[in-house]
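got a sequence here, can you model it:
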Amino acid sequence: MTDSNNELVKEWYKFSMRDFASANTLNEHMHPKPLEIICYLSQQSAEKMLKGYLVSISIEPPRIHDLQHLTCEDTGRADFRRRNRKSNKLRKR
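This is a model prediction of the structure:
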């Protein structure tokens with residue numbers, strides 16, 4: 001991993017942990033709990049951590065928010081690509 005990639009990984013991790021800490025703070029201290037915001041921040045945290053992982057293995061992360069796609073981005077499996085095309089067709093309906 002290059003120095004620039006290493007710095008990008010650290011940035012993605014820092015952003016991820018900031019979102020996670022915010023979600024955790026809201027969960028622990030707000031009543032009623034703002035579940036929509038907690039879920040949103042949790043998803044954002046996971047997305048940023050996955051993108052950092054992709055950078056760490058020298059793959060430029062795509063500009064998407066689909067966690068399933070991000071978890072399979074580095075596999076290149078044909079079965080995943082077929083499922084992804086099928087799910088995209090279903091979403092367009």
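
when you work out contacts or count neighbours from here on, use the C-alpha atoms and nothing else.
Noted.

the residue nearest the centre of the chain: which element?
Centroid-nearest residue in the chain, with C-alpha atoms, centre = their mean: residue 47, separated by 0.9 Å. Under the criterion of DSSP states H and E, residue 47 resides in helix 35-56.

other SSEs contacting the host helix or strand of residue 14?
Per DSSP H and E, residue 14 falls inside helix 3-29. Helices and strands touching helix 3-29, by 3 or more C-alpha pairs under 8 Å, 6 or more residues apart in numbering; DSSP states H and E, are helix 35-56.

so what does residue 61 look like in phi/psi?
phi -70, psi 140 (degrees, to the nearest 10).

neighbours of it, how many?
Using other C-alpha atoms under 10 Å, residue 61 has 16 other residues around it.

buried stuff in the helix or strand containing residue 70?
Counting by DSSP H and E, the element that carries residue 70 is helix 67-72. Going by neighbour count (16 or more other C-alpha atoms under 10 Å), the buried part of helix 67-72 is 67, 70.

ok, for residue 46, nearest residue in space, not its chain neighbours?
Once flanking residues are discounted, residue 46 sits nearest to residue 16: 6.8 Å by C-alpha to C-alpha, 6 or more residues apart in numbering.

can you tell me the SS state at the residue located most distally from the centre of the chain?
Centroid-distance maximum for the chain: residue 31 at 27.2 Å, with C-alpha atoms, centre = their mean. When classified by DSSP: H, G, I helix; E, B strand; the rest coil, residue 31 comes out as coil.

next, find the distance separating it from residue 60.
From residue 31 across to residue 60, the span is 40 Å (C-alpha to C-alpha, to the nearest Å).

quick one: mean pLDDT for stretch 71-78?
For stretch 71-78, mean pLDDT rounds to 60.

which stretches of the protein aren't confidently modelled?
Across the chain, the ranges flagged by pLDDT under 70 are 1, 73-93.

kindly recompute the last result at 50.
Flagging of the chain using pLDDT under 50 yields the residue ranges 77-84, 86-93.
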